[in-house]
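> Build the 3D model from these lines:
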Amino acid sequence: MSQPDRSQTRAYLVGGGIASLAAAAVLIRDGDLVGRNITIFEALSRLGGSLDGAGDPEHGYMIRGGRMLEPKYLCTYDLFASIPTLDESRTVTQEIFEFTETLKTHSTARLVRDGRRLDAPDFGMQERHILALEKLVLEPERLLGDSRIADHFDAAFLETNFWFMWATTFAFQPWHSAVELRRYLIRFAHLVSGFNRLEGIMRTVYNQHDSLVRPLRKWLESHGVRFELDTQVTDLEFVDAGGGQAVAALRLARRGRTGRRAVAPGDLVFVTLGSMTDASSEGSMDQPAPPKAKQDGPAWGLWERIAVRRPELGNPAAFCDRVEESRWLSFTATLRRPELLEVIRDFTGNVPGEGGLVTFADSAWLMSIVVPHQPHFLSQPSDVAVFWGYGLRVDRPGDFVKKPMAQCSGRELLIELIGQLGQRARTDALLADAVCLPCMMPFITSQFLRRRPGDRPQVRPEGYLNLGLLGQFVELPHDVVFTVEYSVRSAMAAVYSLLGLDREPPAVYKGHLDPRNLVAAFRALHS
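Predicted coordinates for the structure are as follows:
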């Protein structure tokens, strides 16, 4: 059967994050679109969305965060098996697997309590807590409704080692959606047995912007894909098109000027909804990150406008109108002297890149840090080190800095960390030549907020002929948000559906159906 001629089909993608970049690649690789007929609009001056990485050793590097990788991200590895690394020596997927084989994650300090690291901490749950977890997993989502995690567990569960490790690995809060926790428990059942050492966790060689976004952008550019940066899509124009609604035009704003891009019949439009890093703000070594709100970023307005009187396009208010439930603060430290890195290495027992997330369970801020393999940036000199951290309780005064984390400068964040490491007497020396940049993200866990069926739209909304929806705020049953995998899966699903291809994204791995995983998880939970 001959394939349709798509040499003249144009595709317009709104948003320059990993979902749009992945969709563009799939359009070319699997859909036979011509690269020069694909345009990506991005409101900011850079691509990558939440997979960011920038800075220099003098002013400090900045990463707002990094998404966890694991072996069963089948869509991600399928996509990047087609993308060469920047040096074109192998594919990105090959690089990730080879690097993980070389530097396996094996934490000896996943939790710190009473000032001491816990090597392979037990989960510390009572039988009632384990039964509550099992009940949550077995409960159908429709019966959970918009209940909170805290509605299903007692206060003692929220003080267990299991909760501290699970919550900080994935950034869950007690008031977040019980449905999302259930999906995570099922999706990562195969990791439970090694969770207290972070076994099975994978990493990129550098930060995810350098290791994922830059190679993908280079590949797209080599195929002629067009990027229009500093260009915000403010609205979509819809028309009745015989059998459904179609996008007829995109309304644009660029450097104070407005415009319109017509969409011809047969052309395609893909929109990334919302953004978990929208309206982020950066502080400095001496200034906290200033608070920002929805109106300070470009991402939510478009979704709000197109969803008016169109419930099939979702309910953005469920995710962007409760900042107090979705925000937290991260920080990136750049060290031009080795002393603090050596303190962390000796305290944790892990060399950079080996240990993963270290959580100070007694910290008022519930602070965690991770020291990646060095260098973490392609531009990073060999005598400079970078590490990252964050806190989930940003409104509480610290243990050593008596201010809420949200109001702290980079210097104060490092002072608090040094206190948690038991090195207060060396504070001045350890701060020398360090640059720490705080970053407040008001929507960073908005995808975990309590929601109802329909708040997340389908990737192919019913009744729309040429519109696909992407990203963390579309509905993909069985998979879990806050992951690169979710964004890539949404891209594949939307492209295959709009092009009418007889194929599906790789199926979500269902490790909970493997008896070996269940037995290993049972033993770990009861350890």
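
> what does stretch 266-273 contact?
Applying CB atoms under 8 Å, 6 or more residues apart in numbering, the external contacts of stretch 266-273 come out as 8-15, 17, 19-20, 23, 27, 49, 233, 236, 247, 250, 263, 302-303, 306, 314, 316, 457, 466-474, 491, 494-495, 498-499. Yep, even glycine has a C-beta here, placed from its N, CA and C like the rest.

> Are any of those residues buried, and if so which?
9-15, 17, 19-20, 23, 27, 49, 233, 236, 247, 250, 263, 302-303, 306, 314, 316, 457, 466-474, 491, 494-495, 498-499 (16 or more other CB atoms under 10 Å).

> And the strands in the stretch 51-200 of the chain, which stretches?
54-56, 60-62, 111-113, 116-118 (DSSP state E, counting those that start in this stretch).

> Look up the pLDDT of the closest residue in space to residue 27 that isn't next to it in sequence for me, please.
Excluding the flanking residues, the one nearest residue 27 by CB to CB, 6 or more residues apart in numbering is residue 33, at 4.4 Å. pLDDT, residue 33: 97.

> Over to residue 524?
Per-residue pLDDT puts residue 524 at 89.

> which one is it nearest to, not counting chain neighbours?
That would be residue 193: by CB to CB, 6+ apart, it lies 4.5 Å from residue 524.

> Next one, pLDDT for that neighbour please.
Reading off the model, residue 193 has pLDDT 92.

> Quick one: the strands in the stretch 351-500 of the chain, in order.
358-360, 367-370, 385-391, 434-441, 467-470.

> and the ones you listed as TSV, adding mean pLDDT?
As requested, the strands of the stretch 351-500 of the chain are arranged in TSV below (pLDDT from 0 to 100):
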stretch	mean pLDDT
strand 358-360	98
strand 367-370	98
strand 385-391	97
strand 434-441	98
strand 467-470	98
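
> Need these in JSON lines (columns: distance to residue 511).
Shown next, in JSON lines, are those (distance: least, CB to CB, whole Å):
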{"stretch": "strand 358-360", "distance to residue 511": "24"}
{"stretch": "strand 367-370", "distance to residue 511": "24"}
{"stretch": "strand 385-391", "distance to residue 511": "27"}
{"stretch": "strand 434-441", "distance to residue 511": "30"}
{"stretch": "strand 467-470", "distance to residue 511": "26"}
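
> and residue 292, which of the ones you listed is closest to it?
strand 434-441 (7.2 Å; CB to CB).

> Quick check: can you list the domain ranges of the protein?
Taking automatic domain parsing as the criterion, the chain consists of the domains 113-201+520-525, 328-441.

> closest one to residue 94 among these?
Of all the domains of the chain, domain 328-441 comes closest under CB to CB, at 17.2 Å.

> now the end-to-end length of stretch 280-298.
11 Å (CA to CA, to the nearest Å).

> any chance you could read off phi and psi for residue 456?
phi -100, psi 130 (degrees, to the nearest 10).

> Distance check, it against residue 14.
Applying CB to CB, to the nearest Å, the value for residue 456 to residue 14 is 17 Å.

> Run through the residues that contact the nearest residue to residue 86 once chain neighbours are set aside.
Using CB to CB, 6+ apart and skipping residues adjacent in sequence, the residue nearest residue 86 is residue 215, 5.4 Å away. Residue 215 makes contacts with 80, 83, 84, 85, 86, 92, as judged by CB under 8 Å, 6+ apart.

> Having no further points to raise, I will conclude here.
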